[in-house]
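K.L.:
pasting the sequence and the predicted coordinates here, then a few questions.
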Amino acid sequence: MPKSKKSKGSSAGGPVNAFASASSTTSTSTSKSTGNLLDPVKAYGQNFLKNPAIIDAIVQKSRIKPQDTVLEIGPGTGNLTVKLLERCQKLNAIEYDPRMVREVSKRVEGTTDGHKLTVIHGDALKTSFPFFNVCVANVPYQISSGLVFKLLGHRPFFRCAVMMFQEEFALRLSARPGENLYCRLSVNTQLLARVDQLMKVGRNNFRPPPKVESRVVRIEPRNPPPPVNFTEWDGMVRLLFNRKNKTIFSVLNNKSTYKVLEENVKTKKAFEEREMGEEKGEERKGEVDVKQVVREVCELEFYKDKRVTRLDIDDLLKLLSEFNKRGIHFC
Ligand SMILES: C[S@@+](CC[C@H](N)C(=O)[O-])C[C@H]1O[C@@H](n2cnc3c(N)ncnc32)[C@H](O)[C@@H]1O
């Protein structure tokens with residue numbers, strides 16, 4: 001018998017943020033109902049995979065081993081689920097729509113692999129993930145970014161995630177310096193993971209067809225991740241990629257950035273003073289001239305006149321360390 005349980009942070013609290021517009025309605029009333037209980041609900045991103053060849057390719061590219069525990073996010077009616085179950089030891093699925101929880105559970109009930117499935121009713125962004133080695137997901141595009149970073153922060157490390165995304169989002173994940181789609185999402189993802197494009201999936205492979213083309217990618221977390229404070233890293237990346245086609249200096253050289261950096265210096269200093277305890281007579285660091293430091297770092301041979309979009313992960317890590325060495329922080 002497949003088990004189905006309701007998670008702590010599940011839909012009892014209402015739909016996910018991304019679907020705020022659907023919060024006061026029931027799931028069925030948001031679709032163009034034709035009377036069928038399983039009508040896809042647009043607000044839940046319900047575009048079901050209908051091409052068995054694509055489903056088989058996703059399962060094959062997930063490289064699931066017989067002893068693996070798989071996490072499937074958004075199983076829907078279970079088209080992928082039944083194929084995944086044939087390959088793994090255990091499958092935990094998280095599904096937001098209670099109709100789908102019932103449907104997928106019913107579909108595998110009494111089958112050879114049915115006992116391997118546990119369906120958790122909840123919002124994948126708010127539900128704690130159970131243990132897994134491999135994640136497979138064809139998720140609503142509204143939650144793509146939140147899900148990627150939730151997965152990349154998940155511990156213990158998993159082997160890989162094979163995920164379907166809107167084409168442009170998928171291409172951004174693996175975009176390289178200098179490419180048009182290279183952006184904050186690209187560097188934040190590539191800092192923490194290796195991303196490979198696996199295949200393009202046309203609109204007509206879904207029921208109903210979505211408005212845009214899709215792509216499947218493989219995400220493999222870097223283990224161990226680079227030793228960097230992610231909040232600070234993202235603070236710098238957010239500033240720089242706001243105007244990624246400008247030089248580093250022209251992005252940073254403005255009043256509002258200096259103000260933020262000066263605030264950060266003050267906060268950091270206050271924190272350090274509290275930690276050290278002034279009464280211990282520790283030597284106090286000199287004042288940091290934020291404008292001077294920005295100019296100095298941007299004048300370094302490697303960064304001089306460099307456009308943000310040309311910086312790869314290593315260049316950005318080194319840039320952050322040059323700022324940190326001189327007492328500048330981005331959070
Ligand atoms: C694109 S459909 C894919 C369904 C199925 N995996 C397939 O490929 O046919 C997305 C599924 O994710 C579910 N879903 C939507 N938002 C969710 C959330 N926040 N957490 C978990 N599941 C969600 C939807 O109800 C739907 O079943």
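P.N.:
In hand now; what should we look at? Numbers count the residues shown, from 1 in each chain.
K.L.:
residue contacts, the residue nearest in space to the middle of the chain?
P.N.:
A centroid search over the chain (Cα atoms, centre = their mean) returns residue 148, at 1.7 Å, as the residue closest to the centre. Residue 148 makes contact with 163, 173, 189, 219, according to Cβ atoms under 8 Å, 6 or more residues apart in numbering. For every residue, glycine as well, the C-beta is placed using N, CA and C.
K.L.:
in strands, which of those fall?
P.N.:
If you go by DSSP state E, the contacts of residue 148 have 163, 219 in strands.
K.L.:
buried among the contacts of residue 148? Need that as a selection in ChimeraX.
P.N.:
In ChimeraX syntax, the buried subset of those is picked out as below (16 or more other Cβ atoms under 10 Å):
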select :163,173,189,219
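K.L.:
quick check: the farthest pair among the contacts of residue 148?
P.N.:
Taking Cβ to Cβ, the two most distant members of those are 163 and 189; they sit 11.6 Å apart.
K.L.:
quickly list what's touching both of those two.
P.N.:
Applying Cβ under 8 Å, 6+ apart, one finds that residue 163 and residue 189 are jointly contacted by 148, 219.
K.L.:
just put the contacts of residue 148 in CSV and tack on pLDDT.
P.N.:
Listed next are the contacts of residue 148 as CSV, based on pLDDT from 0 to 100:
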residue, pLDDT
163, 98
173, 98
189, 98
219, 98
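K.L.:
where along the stretch 1-150 of the chain do the strands fall?
P.N.:
Assigned by DSSP state E, counting those that start in this stretch, the strands in the stretch 1-150 of the chain fall at 3-6, 48-49, 69-73, 90-95, 117-121, 134-138.
K.L.:
can you list those in a markdown table and add mean pLDDT and mean neighbour count?
P.N.:
Output for the strands of the stretch 1-150 of the chain, formatted as a markdown table (pLDDT from 0 to 100; neighbours: other Cβ atoms under 10 Å):
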| stretch | mean pLDDT | mean neighbour count |
| --- | --- | --- |
| strand 3-6 | 52 | 14 |
| strand 48-49 | 96 | 18 |
| strand 69-73 | 98 | 24 |
| strand 90-95 | 98 | 25 |
| strand 117-121 | 98 | 23 |
| strand 134-138 | 97 | 25 |
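K.L.:
how about these in a markdown table, adding distance to residue 314?
P.N.:
Shown next, in a markdown table, are the strands of the stretch 1-150 of the chain (distance: least, Cβ to Cβ, whole Å):
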| stretch | distance to residue 314 |
| --- | --- |
| strand 3-6 | 44 |
| strand 48-49 | 38 |
| strand 69-73 | 31 |
| strand 90-95 | 35 |
| strand 117-121 | 39 |
| strand 134-138 | 27 |
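K.L.:
could you dump those into JSON lines and include distance to the ligand?
P.N.:
Conversion of the strands of the stretch 1-150 of the chain to JSON lines gives the following (distance: least, Cβ to the nearest ligand atom, whole Å):
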{"stretch": "strand 3-6", "distance to the ligand": "13"}
{"stretch": "strand 48-49", "distance to the ligand": "4"}
{"stretch": "strand 69-73", "distance to the ligand": "6"}
{"stretch": "strand 90-95", "distance to the ligand": "5"}
{"stretch": "strand 117-121", "distance to the ligand": "9"}
{"stretch": "strand 134-138", "distance to the ligand": "4"}
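K.L.:
follow-up on the earlier one: closest to the ligand out of the contacts of residue 148?
P.N.:
Closest approach to the ligand among those (Cβ to the nearest ligand atom): residue 163, at 10.7 Å.
K.L.:
low-confidence stretches in the stretch 1-150 of the chain?
P.N.:
Low-confidence segments of the stretch 1-150 of the chain, defined by pLDDT under 70: 1-37.
K.L.:
can you name the residues of it sitting close to the ligand?
P.N.:
Counting by Cβ under 6 Å from any ligand atom, the positions of the stretch 1-150 of the chain adjacent to the ligand are 16, 44-49, 73-76, 79-80, 94-97, 100, 123-125, 138-140, 143.
K.L.:
any idea how many residues pack against residue 311?
P.N.:
Close neighbours of residue 311, defined as other Cβ atoms under 10 Å, add up to 24.
K.L.:
tell me the contacts of the residue nearest to residue 132 when sequence neighbours are not counted?
P.N.:
Excluding its sequence neighbours, the residue lying closest to residue 132 (Cβ to Cβ, 6 or more residues apart in numbering) is residue 71, at 3.7 Å. Under the criterion of Cβ under 8 Å, 6+ apart, the contact partners of residue 71 comprise 91-94, 129-130, 132, 134-137, 158.
K.L.:
mind doing that once more with 6 Å?
P.N.:
Contacts here follow Cβ atoms under 6 Å, 6 or more residues apart in numbering; on that basis residue 71 touches 92, 132, 135.
K.L.:
lovely, talk soon.
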